Structures are given as C-alpha cells and as structure tokens.
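Peer 1: Predicted model and sequence below, questions to follow.
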Amino acid sequence: MELLLKGVAIGIGATVLMDLWAVFLWKVFRQARPNWGPVGRWFWHLKNGTVFHNDIAKAEPYAHEHALGWIGHYAVGILYGVILALLAGADWFASPTFLPAWILGLVTVGAGWFLLQPGLGLGVAASKLPNASTVRVFNLISHTVFALGLYGTALLIA
C-alpha cells in the first residue's frame, strides 16, 4: 500500500511540474496554454466506445468537459506515477535515480502520439497539424519535465 501511495504522490508532483512548465512557456514565450476541454470531451465519448474522432471539435459537447479534461490529465499522471512505483519498486524510492523516470516519461509520449492525438483527430503524432514536428519536440520536452517531476518528487519523499 505504501508503494501505491508513493506512486500517487510522484504522479501528482510530476503533473504539477508539467503544468508549471506550461505556465512558464506561456508567460515567457507566449506559447498557447494547454486546453483540456477537448481532452475532457474525448474522455466523455470513451463511455460510448468512441476512441478515435475525425475532429473532436465536431463531437457532441459535454457541459463539464474542461473539468473532466483536468481530472483526466491528473488521473493519467497519477497512473503513470503508480506504474513507475510498481516497476521500480521500494528500492528505487530509497535511492531514486533519474533514468527509470525518464524512460517512463519518454514511453508515455507514445500514449499521446498513438492514442490521444489520433483520438482527438490530430493524426498519429500530430501528423495532421501544420507544425507537427514542433508539437512532437514539445511533447518530448514536456514528458521529460514530467520525468523530472517523478524523480524530484521521489527525492522529496526519500
């Protein structure tokens, strides 16, 4: 049970750091802030078995999709933290290292590229977007920041 709770804690810590990174990019570089509304709409439509949309904006709206997007964002971050905790084990928490967190962070990019982005109608790895290469680079950077959050929170717990 302790391992599970530590996994929840590092997942929350990592997701918070990723969100702070997004605020930094918005404030310093005027990059658009994440919009979790479409993600919430995507999560809402999963209940009907619809995973992939041609354009999530054309899917039936859900009144609380923005809130559901935020909840989903944190739930997935927590899930990734629990996965790392279970894979790395108690020994890793006693003396955390960055590499396992980074490997998981990079692997989780695949969920965005091959599930979420096609699910939103953006294509595999955002291939339908005119700036797909830029989106991919920012995905890799953001998930590295997430990995730093996993590692940093584990250090705080240790």
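Peer 2: Yep, that arrived.

Peer 1: how about the helices of the protein, start to end?
Peer 2: Assigned by DSSP state H, the chain shows helices spanning 2-29, 37-46, 65-94, 98-111, 117-119, 132-157.

Peer 1: which secondary structure elements does the last one contact?
Peer 2: It refers to helix 132-157. helix 2-29, helix 65-94, helix 98-111 (3 or more CB pairs under 8 Å, 6 or more residues apart in numbering; DSSP states H and E). Backbone N, C-alpha and C define where each C-beta goes, glycine included.

Peer 1: again, 10 Å this time
Peer 2: helix 2-29, helix 65-94, helix 98-111, helix 117-119 (3 or more CB pairs under 10 Å, 6 or more residues apart in numbering; DSSP states H and E).

Peer 1: Could you save those as JSON lines and add columns showing mean neighbour count, mean pLDDT and distance to residue 145?
Peer 2: Below are the helices and strands packed on helix 132-157 laid out as JSON lines (neighbours: other CB atoms under 10 Å; pLDDT from 0 to 100; distance: least, CB to CB, whole Å):
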{"stretch": "helix 2-29", "mean neighbour count": "17", "mean pLDDT": "97", "distance to residue 145": "4"}
{"stretch": "helix 65-94", "mean neighbour count": "18", "mean pLDDT": "98", "distance to residue 145": "12"}
{"stretch": "helix 98-111", "mean neighbour count": "17", "mean pLDDT": "97", "distance to residue 145": "8"}
{"stretch": "helix 117-119", "mean neighbour count": "20", "mean pLDDT": "98", "distance to residue 145": "18"}
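
Peer 1: Same list (the ones you listed) but as JSON lines, adding distance to residue 134.
Peer 2: Listed next are the helices and strands packed on helix 132-157 as JSON lines, based on distance: least, CB to CB, whole Å:
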{"stretch": "helix 2-29", "distance to residue 134": "12"}
{"stretch": "helix 65-94", "distance to residue 134": "21"}
{"stretch": "helix 98-111", "distance to residue 134": "14"}
{"stretch": "helix 117-119", "distance to residue 134": "14"}
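
Peer 1: out of those, nearest to residue 36?
Peer 2: helix 65-94 (2.9 Å; CB to CB).

Peer 1: Quick one: list the elements packing against that closest one.
Peer 2: Looks like helix 65-94 contacts helix 2-29, helix 37-46, helix 98-111, helix 132-157 (3+ CB pairs under 10 Å, 6+ apart).

Peer 1: at 6 Å what do you get?
Peer 2: When contacts are defined as 3 or more CB pairs under 6 Å, 6 or more residues apart in numbering; DSSP states H and E, helix 65-94 packs onto helix 2-29, helix 37-46, helix 98-111.
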